[in-house]
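In: Sequence first, then the predicted structure:
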Amino acid sequence: MKDIIKKIQDANLHGRGGASFPTTKKWEAFLNTETKEKYIIVNASEGDPQMSKDGYLLKNHLSEVIDGLKIALETFPESIGYFYLRKDYYTKYKKKIKKLTKDLPVKIFKKTGGYLAGEETSVLEAIEGNRPEPRSKPPYPSECGLFNKPTLINNVETFYVISKIAKGTYKNERLYCLSGDIKNKGVFDLKEGLTIREILEKTKNLPKDNNYFIQMGGTLGEFITPKEIDRPLQGLGSIVVYNKKITNPVLLAQKILKFSMYQNCDKCTPCREGVFRLREEFLKKERNKKILNDIFEVLEDTTLCPLGMLSGLSIQSLLNKIIDVKD
């Protein structure tokens, strides 16, 4: 099964958990670690309220996801597998996963926290029985992960695609999750590399006028205007469409920052204080642009994990492109 890494490389597969890191590099780094004890984790935490891809795959393609895990276990035979599941997914699919993995060295683990407990190093802490807080990197999980052993962590969709690659049925597709003020919400299986416009057109969700704006990449993703929809969609594959006539962008910013504040692990001072101060500014009648820009800079440069950085970048794009733009 070692040739699967070459097949993954030829397919140019990037992780589908959001970071879009080349899957081949992660698998090769894991392969090259010299230890007999290793771990492989299927991350089915899906803590973003705008995402439903993991749930879609667990419901409709669980056998293929487990096949992808089985391929990884055969490629790295010294490894033990973990299925890390969001709480409701654990309730729904534990028995079926247990049945399908009965002949595999796989353990099933229920997620212990919220959004941040799905970050890959927080996953390690949770399984070890600790508070699910992110670790500093390096070292990376492929070198020193679960129980200080090399660990391979991939998203549910990544394992699903690996199964298709191994069978020769992968045709450069990926899953896109569409929601918001549109008619045809849901998860769609389309070609990789499509522009946002193409995705909206193929799913019959392209608005008829320009009275909308879009957030891509989930709850903490970047906001864009109709003029920017000819760019490819990457990362999580998420599109949320907002109707400008019925959406108050300031209230939306407050909602996003409330989510970030309550999902914060409080370990990292710049993130904890920065997100709180951002929300404080957006609760005022008038915002101090200098204070906001200073906080955006601190969040981008100093936070321990992506939550703080993405919170800042998301709100900054909403502020610059939507809130402060006069129609």
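Out: Happy to help now that I have it.
In: Can you pull the poorly scored residue ranges out of the stretch 201-327 of the chain?
Out: Flagging of the stretch 201-327 of the chain using pLDDT under 70 yields the residue ranges 325-327.
In: Thought Ile71 was touching Ser163, still the case?
Out: Yes: if you go by C-beta atoms under 8 Å, Ser163 and Ile71 touch, sitting 6.7 Å apart. Where C-beta positions appear, they are placed from N, C-alpha and C, glycine not excepted.
In: dump the residue contacts of Ile41.
Out: By C-beta atoms under 8 Å, 6 or more residues apart in numbering, the contact list for Ile41 reads Gly81, Tyr82, Phe83, Tyr84, Val123, Ile127, Leu146, Thr151, Leu152, Ile153, Asn154.
In: Can you tell me the SS state at Cys177?
Out: Under the three-state scheme (DSSP: H, G, I helix; E, B strand; the rest coil), Cys177 adopts strand.
In: what about the spatially closest residue to it that is not a sequence neighbour, distance to Gln50?
Out: Closest residue to Cys177 apart from its sequence neighbours, by C-beta to C-beta, 6 or more residues apart in numbering: Ser238 at 4.9 Å. Applying C-beta to C-beta, to the nearest Å, the value for Ser238 to Gln50 is 6 Å.
In: which residues do those two both contact?
Out: Common neighbours of Ser238 and Gln50, counting by C-beta under 8 Å, 6+ apart, are Cys177, Ser179, Gln215, Gly218.
In: Looking at strand pairing, list the partners for the first one.
Out: With DSSP bridges applied, Cys177 shows beta-bridge pairing to Val187, Ser238.
In: what's the burial count for it?
Out: Neighbourhood size, Cys177 [other C-beta atoms under 10 Å]: 21.
In: And it, what's its pLDDT?
Out: Cys177 carries a pLDDT score of 96 in this model.
In: Who are the contact partners of it?
Out: Applying C-beta under 8 Å, 6+ apart, the residues near Cys177 are Gln50, Met51, Ser52, Lys53, Gly186, Val187, Phe188, Leu236, Gly237, Ser238, Ile239.
In: mind giving me the domain split of the protein?
Out: 3-167, 173-243, 249-323 (automatic domain parsing).
In: now the longest one, how far from the chain's geometric center?
Out: Spelled out, that is domain 3-167. Chain-centre distance of domain 3-167: 12 Å, with C-alpha atoms, centre = their mean, to the nearest Å.
In: Quick one: end-to-end distance for that domain.
Out: Start-to-end span of domain 3-167 (C-alpha to C-alpha, to the nearest Å) is 12 Å.
In: same check, this time on stretch 300-312
Out: End-to-end for stretch 300-312, by C-alpha to C-alpha: 7 Å.
In: same thing with stretch 235-249?
Out: The straight-line separation of the ends of stretch 235-249 (C-alpha to C-alpha) is 23 Å.
In: List the buried residues of it.
Out: Neighbour-count burial for stretch 235-249 flags Gly235, Leu236, Gly237, Ser238, Ile239, Val240, Val241, Tyr242, Lys244, Thr247, Pro249 (criterion: 16 or more other C-beta atoms under 10 Å).
In: quick one: contacts for the third one?
Out: Applying C-beta under 8 Å, 6+ apart, we find Gly237 in contact with Arg16, Lys53, Arg174, Leu175, Tyr176, Cys177.
In: likewise the last one?
Out: By C-beta under 8 Å, 6+ apart, Pro249 lies in contact with Phe213, Tyr242, Leu318, Ile322, Ile323.
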